[in-house]
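Participant: I need the structure of the sequence given here:
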Amino acid sequence: MSVKIRLQRHGKKGKPFYWIVAADARAKRDGRFLEKLGTYNPNTNPATVNLDVDGAVKWLQNGAQPTDTAKTILSYKGAMLKNHLVGGVRKGALTEEQAEEKFQAWLEEKAGKVASKEENVAKAKSEAKAKALEVEKAVNEARVAAAVEEVAPEVVEEATPEIVAEEAAPEVVEEAAPEVVTEETTPELVAEEAAPEVVEEAAPEVVAKETTPEEAAEEKKEESAE
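Facilitator: Presented below is the predicted three-dimensional model:
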């Protein structure tokens, strides 16, 4: 019986979650399996992998063949390296202590890389959040500016009649002034202009009224005596 180490799909639609299993190569992908070796969650960044390294190495030593995806996950957790070291110990190229020392050194290096990646991811998230806040702040400021621009014309329109009244007031005074002066001065000017004419026309009439018939007869007598 050939055995494969592969992924068995679980989880919800759009959010897959996988089991890492050792199963008969002839079984369905999500069917029966021989042993569950761990889990793989690709929904996190970085992906979360839990693996029984010793159990995976045992199946590898017994001839189990991992699928491409499963092999990548086993390499990520160090199972493929440990399988190689165990093979070296079996051949006598390494002692168990040397193999374990190399494996622990690799684990420490890998942990440092994972921690660095997690730190970079967290930093990227914080920067993205800060940029989002800046964009939101800019949008809010733009909305406030637009609201102020909409209110400004209303204030100008309300103030315009008062300004027009203030500007129109001097014109009213200027136009009214000549009329008032004309009305006040017209009778006096008319009286002054009419007075000489009345005197000139009245003078002959007054002289004619003062000459009586008696005075006229005396004047005729005087003229005949001469």
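Participant: Please make it C-alpha for all contacts and neighbour counts, starting now.
Facilitator: OK.
Participant: how far away is residue 88 from residue 59?
Facilitator: Residue 88 sits 17 Å away from residue 59, going by Cα to Cα, to the nearest Å.
Participant: Could you do residue 89 as well?
Facilitator: 17 Å.
Participant: between those two, who's got more neighbours?
Facilitator: residue 59 (19 against 16; other Cα atoms under 10 Å).
Participant: Who are the contact partners of the more buried one?
Facilitator: For residue 59, the contact set (Cα atoms under 8 Å, 6 or more residues apart in numbering) comprises residue 22.
Participant: and the gap between it and residue 80?
Facilitator: Distance, residue 59 to residue 80, using Cα to Cα: 11 Å.
Participant: do residue 107 as well
Facilitator: Plainly put, residue 107 is 13 Å away from residue 80 if you go by Cα to Cα.
Participant: Those two: who's more crowded?
Facilitator: Neighbour tally, residue 107 and residue 80, criterion other Cα under 10 Å: the higher count belongs to residue 80, 19 against 14.
Participant: which residues touch that one?
Facilitator: So residue 80 contacts 57, 71, 74 (Cα under 8 Å, 6+ apart).
Participant: Equivalent analysis for residue 96, please.
Facilitator: Taking Cα under 8 Å, 6+ apart, one finds 86, 89 in contact with residue 96.
Participant: phi, psi of it?
Facilitator: Backbone torsions of residue 96, given as degrees, to the nearest 10, read phi -60, psi -40.
Participant: mind checking how far it is from residue 40?
Facilitator: From residue 96 to residue 40 the distance is 29 Å (Cα to Cα).
Participant: Same question for residue 19.
Facilitator: 6 Å.
Participant: Also residue 54?
Facilitator: Between residue 54 and residue 40 the computed distance is 17 Å (Cα to Cα).
Participant: How about residue 84?
Facilitator: Noted for residue 84: a distance of 23 Å to residue 40, by Cα to Cα.
Participant: what do you get for residue 118?
Facilitator: From residue 118 to residue 40 the distance is 17 Å (Cα to Cα).
Participant: ok, those two, which is more surrounded?
Facilitator: Higher neighbour count among residue 118 and residue 40: residue 40, with 21 against 14, using other Cα under 10 Å.
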